[in-house]
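Chemist: Sequence and predicted model, in that order:
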Amino acid sequence: MSTIRLNTPIPGPRSRALMARRDAAVVRAAYHATPVFVNKAEGAIVEDVDGNRFLDFAGGIGCLNTGHRHPRVVEAIRKQLDRFLHTSFNVLPYESYIALAERLNAITPGKFAKKTILVNSGAEAVENAIKIARAYTRRPAILSFEDAFHGRTYMAMATTSKTHPYKAGFEPFPAEVYRVPFAYCYRCSYSLQYPSCEVHCARHIEDTFKRVVAAETVAAVIVEPVMGEGGFITPPAEFFPILSGICRKHGILLIADEVQSGFARTGKLFACERLGLEPDLITLAKSLSGGMPLAAVTGRAEIMDTTGPGTLGGTFGGNPAACEAALAVLDVIESEGLCARAIKLGEIFRKRAAQWQDRWGIIGEVRGLGAMQALELVRSRETREPAEEETKQVAQYCYEHGIILITAGSYGNVIRLLMPLVMTDSQMDEGLDVLESAFATVCDKRGAVAQLV
C-alpha cells in the first residue's frame, strides 16, 4: 500500500495561502527548500496543511534519525513538562543535564576522561569548541577545510567554506582562520588520483605550516568526518590517521564536527568510529534530541576544564525537556538497532543508485557511509561540470511527487539523503521510485533539449 498520497497539486491551496503570509511577515533570508507547509508528522511520514502525505528524506536536515515524534521521545518530553520547563542550568541545575553529559562522555570516541557542555545549536557548539581550544593551547589560529560547513554565526561562518549564501556580504570575519583542501577525491584540488596520490591533501598540511601559518600558532583543526553541506564527501581511509598524526606532532587539537553525521547516521554512533578518528573535542547536535533544540561539546576533561566558571554556557543551554528527549533518543538508537538499520538503508540505496549510474550519465558519483548517502550530478562525466540546474529540477520533481529531499554541495549539484532511520524497506523503495522517476524525467528533458540544439 502506498504511503505517499497527493490530493492536490503541490503546493496546495493552503500552502500557497500560507506562503503569501510568510512572504509578507517573515524575512526572506529564512530560506526553505520546499513550498510545502507541514501540518503533522509521524515516523518517516509528513502530512501538509492540504492533506497531502509525503515521505521525508530530509529529516529536518538530519535531525530526525529516530523519526518524527518517536513515542519514547514524546513521552520523555511530556513527563518533563509536568515537572518544570525551564530554570536555566546556570541558576538552578537539574539531574537530566548531568545524566546526558555522563552518557555523552561514555559513548563518544576516546577511552579517556571526558566532560561535556550543553548548548542550543550546532553553530553554538562550534563556537564553544573553538573558544575552549584557544584557551587550552593559548594559540590563536584555526585550520578548517574547503567545502566545510560549520554554521551561520560569525566564528562558524569563518570556518565555513561556501560563499553563497552563507558568507557573501557578511564580511569581515574573525581573524586567524586558515583553510586547506579536503580529501574530495572526485574533485581533487591537486588534480591527482587516489590512491596513487598517497593522500597528498593530508600530507600537504605540513607545507601549509611552512608557507601560510606556523604550526605553533594553530590551536585546532576543525573537520567534519563526513562533510554535510559540502556534499557528503567521505575521505579515504588513510586521511584521518595522517591528519591525526600531524596534529599530535605539533600539539594541535582535533575538533570533529559530528553535528550532521552523528547518532547512527553512518552506521555507527559517530562517523569518527568508521574513519579511525579519535578527536580531542567533538561537536554534537541535530539528531541528538529528536527535533528539540540541543547541542553539545564533549572532549578531554583536562581541555574542557581549562576555562573558569561562567566562561561557557547560556540561558537556554541544556533545556530540561531537550535533555530528556536526548536521553530517550540514545535509548531508542540502542534498543531499536538504528546503527544496523542505517547500514541496511544505505545498502538499499546503493543498489538502486548503481543501476541509475549505469543508466544516466548525469550521476557522476555515488558516495557516503551508512544512511548518509549522496549523488553528485554533472553535465558531463568527462568534464565533471556541475549540474546545478538539473539538481534543482530533480528536487522539485521529488516534492511535487511525494518525497521531501534537499540538495547540497559547494556547486549546488548534490542530492543528499537524510531519511529517518525508522523508515521501512517499503517506504524506502517507494521514495526511491519517485527519485528514479525524477531522474528519468529530467534526463529525458535534457535529451530533448540537446536534440533541438
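Modeler: Ah, there it is.

Chemist: Run through the strands of the stretch 251-400 of the chain in chain order.
Modeler: All strands of the stretch 251-400 of the chain, identified by DSSP state E, counting those that start in this stretch, fall at 253-257, 281-284, 295-300, 363-369, 372-377.

Chemist: ditto for the stretch 51-200 of the chain
Modeler: Using DSSP E, counting those that start in this stretch, strands in the stretch 51-200 of the chain cover 53-56, 114-119, 141-145, 177-180.

Chemist: Return the most buried member of those.
Modeler: strand 141-145 (a mean of 25; mean count of other C-beta atoms under 10 Å). The C-beta positions use only the backbone N, C-alpha and C, and glycine is treated the same way.

Chemist: longest helix in this protein, by residue count?
Modeler: Using DSSP state H, we find that the single longest helix of the chain is helix 425-452.

Chemist: So which of the strands of the stretch 251-400 of the chain is nearest residue 404?
Modeler: Residue 404 lies closest, by C-beta to C-beta, to one member of those: strand 372-377, at 15.8 Å.

Chemist: Report the distance from stretch 15-23 to the chain centre.
Modeler: Centroid separation between stretch 15-23 and its chain, computed with C-alpha atoms, centre = their mean, to the nearest Å, is 28 Å.

Chemist: Show me what that stretch is in contact with.
Modeler: Applying C-beta atoms under 8 Å, 6 or more residues apart in numbering, the contact partners of stretch 15-23 are 11, 35, 36, 37, 48, 49, 50.

Chemist: right, and the fifth one touches residue 40 too?
Modeler: No. With the criterion set as C-beta atoms under 8 Å, residue 48 and residue 40 do not qualify as a contacting pair; they are 9.0 Å apart.

Chemist: Comparing the two, which shows the higher neighbour count?
Modeler: residue 48 (27 against 12; other C-beta atoms under 10 Å).

Chemist: Quick check on the more buried one: phi, psi?
Modeler: Per-residue torsions, residue 48: phi -90, psi 180 (degrees, to the nearest 10).

Chemist: Kindly report the same for residue 21.
Modeler: The phi/psi pair for residue 21 (degrees, to the nearest 10) is phi -70, psi -40.

Chemist: any idea how far it lies from residue 58?
Modeler: 23 Å (C-beta to C-beta, to the nearest Å).

Chemist: between these two, who's got more neighbours?
Modeler: residue 58 (25 against 10).

Chemist: picking that back up, would CSV of the contacts of stretch 15-23 with secondary structure, distance to residue 276 and pLDDT be doable?
Modeler: Output for the contacts of stretch 15-23, formatted as CSV (DSSP: H, G, I helix; E, B strand; the rest coil; distance: C-beta to C-beta, whole Å; pLDDT from 0 to 100):
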residue, secondary structure, distance to residue 276, pLDDT
11, coil, 45, 98
35, coil, 42, 96
36, coil, 40, 97
37, coil, 43, 98
48, strand, 43, 98
49, coil, 46, 98
50, coil, 48, 98
